Each structure stands twice: as C-alpha cells, then as structure tokens.
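**Q** Sharing a model prediction with you, sequence too.
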Amino acid sequence: MLVDVVILPHMREELADQHCKPCEGGIPPLTAEQAGHLMKGLHKDWKFSPDGSSILRTFEFPAYSRTLGFANAVAWIAISEGHHPQLVLNYGSCEVSFSTHAVKGLTDNDFICAAKVDRL
C-alpha cells in the first residue's frame, strides 16, 4: 500500500529522499508537535513508544528467510545513513525501532530512516 507523504514547509523533498546528518548531541530532540508532523510522512503502522522517545513498527513475513532478508536490507540502510535502529527478529516478524541516543529522543534522522524502510 502506498502512503501519501506530507511535505512540511521545512522539507523540500520526501523524507526517504533525504540523508541523515551526523548527530553527536548538543541539540534538543524534536518536540511532540514536530515529531507528530513528521510521522504523517510515514506508513500508518509506525507508532510512538509510550515515552515518545522512539518510533517503532513491526513488519510481518511468511517465513524466517524473508524476515532475515528484510533485516539485512534495513541494516544496509542503517550503514549507508550512519543511523542505526534497534531490530528485534522473530520467526515471521521484525520490529524496527528508531531513536537518536545522542539526544535521548527523536530527530529528523529517525524519520528519514523510517521512510527509507517504508520503501522496502
């Protein structure tokens, strides 16, 4: 299913077409309002963690081999972007969670990588 991507005024292109910027901390995490706006650019199955410091989505697959293939594709995105999610693998599912540990919350990088994962 395709999702309409909302382009916000500060976004010149779709989230998935952007690239992560290095984050060593020293900046505040996104506000709940900013994160809510960026969430509109992702598939509807992405959710905020209970404390709002990460976003997560569970992907389901009919076989372990497909789950592993997906996890490897996510790993390639993470390495390419220099922004790494937490992955929880099960036989037929993979939970992907993004957060920016350097700021103890969410940044644009989390949404950029989540949008790239959506394209898989």
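**A** Here it is on my side, so go on. Because the structure is a prediction, the values reported are computed rather than measured.
**Q** How about residues contacting stretch 94-110?
**A** 18, 20-21, 23-25, 27-30, 35, 38, 49, 52-59, 61, 67, 70-71, 74, 81, 83, 85-88, 111, 113-114, 117 (Cβ atoms under 8 Å, 6 or more residues apart in numbering). For the C-beta atoms, the positions are set from N, CA and C on the backbone; glycine is no exception.
**Q** out of these, which are inside strands?
**A** I55, L56, R57, T58, F59, Q86, L87, V88 (DSSP state E).
**Q** Which among these count as buried?
**A** By neighbour count, with 16 or more other Cβ atoms under 10 Å, the ones in strands among the contacts of stretch 94-110 hold I55, L56, R57, F59 as buried.
**Q** for the first one, what are its contacts?
**A** Contact criterion Cβ under 8 Å, 6+ apart gives 35, 39, 42, 46-49, 97-99, 106, 110-111, 114 as the residues in contact with I55.
**Q** mind listing what's buried in stretch 16-36?
**A** By 16+ other Cβ under 10 Å, the buried positions in stretch 16-36 come out as A16, Q18, C20, C23, P29, L30, Q34, A35.
**Q** cool, stretch 88-104 as well?
**A** Applying 16+ other Cβ under 10 Å to stretch 88-104 flags C94, V96, S97, F98, S99, T100, V103 as buried.
**Q** same check, this time on stretch 43-50
**A** So stretch 43-50, judged by 16+ other Cβ under 10 Å, has buried residues H43, W46.
**Q** Just the CA trace of it, in CSV.
**A** Taking Å, rounded to 0.1, in the frame of the first residue of the first chain, the C-alpha atoms of stretch 43-50 are listed here in CSV:
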residue,chain,number,x,y,z
HIS,A,43,3.3,4.5,6.9
LYS,A,44,0.4,4.5,9.3
ASP,A,45,1.8,1.4,11.2
TRP,A,46,4.6,3.4,12.7
LYS,A,47,3.9,4.3,16.4
PHE,A,48,5.5,6.3,19.1
SER,A,49,6.9,4.4,22.1
PRO,A,50,5.0,5.1,25.3
